[in-house]
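# The amino acid sequence is not available; the structure is as follows:
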């Protein structure tokens, strides 16, 4: 059975619109761009996932310049406190009560007052003053015997103590210069570097050092200026004056 197929003539514009194009008299489909599947948009203002805790990351405890904080903790960073505003860019820490006590207790003893203030200004980190009595006498322009007397009286109160020849220790509860001090090496070993001055650690080491005087180790309070006894030389001078005043007038003139 013969079937005659007659070609169907479709305008090109219609064929393009409908997707049919005649090729050798046979309609065919043209390739049409397929639309991408529509994605579901992300929810508005969705919070980002929390970063992994640095405290739990492997090797976090061994990394330098890393501050490890537990979960939920916060830290703030501030500029370092500087001391460039002081004269000569140097300073010491003093107890305010001690400064007031100095002015009251030694109001009649300018040599001792000047000596303690001078030693406060000369102290090295840790409160050590490296100077002999001869050097201190030269600085204050007084006799060495006066320096010896003042150091003895201040030591009896616990303000200062002699630690070795030419070295004195001011009590860190009263005045202290910060900084770094060398670590004393163990017998047979070389120096092991330095450490930062810590007032509480220094006070503990003083309290445990039985070689220091008890008044220095257990200093908690300074004597009352109103109850200050007279210096030995002034007491002797006052005793001589009283004895002279008690003598008859004819004996005083003779």
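Received it, and whenever you're ready, just let me know what you need. Being a predicted model, the structure only gives us computed values, none of them experimental. Numbering: from 1, shown residues only.
# neighbours around residue 219, how many?
Other residues near residue 219 come to 20 when the count uses other C-beta atoms under 10 Å. Backbone N, C-alpha and C define where each C-beta goes, glycine included.
# Kindly report the same for residue 129.
Residue 129 is flanked by 21 other residues according to other C-beta under 10 Å.
# Who is it paired with across the strands?
For residue 129, the beta-bridge partners under DSSP bridges are residue 168.
# Just the strands from this structure, written as ranges.
Using DSSP state E, the strands of the chain run over residues 20-23, 26-29, 93-94, 128-130, 160-164, 167-170, 175-176, 180-182, 194-196.
# Check the ones you listed for me and report the most buried one.
Mean neighbours per residue, mean count of other C-beta atoms under 10 Å, is largest over the strands of the chain for strand 175-176, with a mean of 22.
# which residues touch residue 222?
Residues near residue 222 by C-beta atoms under 8 Å, 6 or more residues apart in numbering: 97-98, 101, 105, 157.
# And the pLDDT for it?
Note on residue 222: pLDDT of 95.
# and what of residue 138?
The model's pLDDT for residue 138 equals 97.
# just residue 35 next, same as before
64.
# Quick one: buried ones out of the contacts of residue 222?
Listed as buried from these are 98, 101, 105, 157; burial here means 16 or more other C-beta atoms under 10 Å.
# Rebuild the residues you listed as CSV, extending it with pLDDT and distance to residue 183.
Formatted as CSV, those follow (pLDDT from 0 to 100; distance: C-beta to C-beta, whole Å):
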residue, pLDDT, distance to residue 183
98, 97, 28
101, 96, 33
105, 96, 36
157, 94, 30
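# JSON lines for the residues you listed, including distance to residue 128?
Putting the buried ones among the contacts of residue 222 into JSON lines (distance: C-beta to C-beta, whole Å) gives the following:
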{"residue": "98", "distance to residue 128": "18"}
{"residue": "101", "distance to residue 128": "22"}
{"residue": "105", "distance to residue 128": "23"}
{"residue": "157", "distance to residue 128": "19"}
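# Dump the strands of the chain to a markdown table, plus distance to residue 142 and mean pLDDT.
Shown next, in a markdown table, are the strands of the chain (distance: least, C-beta to C-beta, whole Å; pLDDT from 0 to 100):
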| stretch | distance to residue 142 | mean pLDDT |
| --- | --- | --- |
| strand 20-23 | 121 | 50 |
| strand 26-29 | 118 | 51 |
| strand 93-94 | 23 | 94 |
| strand 128-130 | 17 | 96 |
| strand 160-164 | 17 | 95 |
| strand 167-170 | 17 | 96 |
| strand 175-176 | 22 | 96 |
| strand 180-182 | 30 | 83 |
| strand 194-196 | 35 | 85 |
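# between those strands, which gets nearest to residue 235?
Comparing the strands of the chain against residue 235 with C-beta to C-beta, the closest turns out to be strand 160-164 (22.5 Å).
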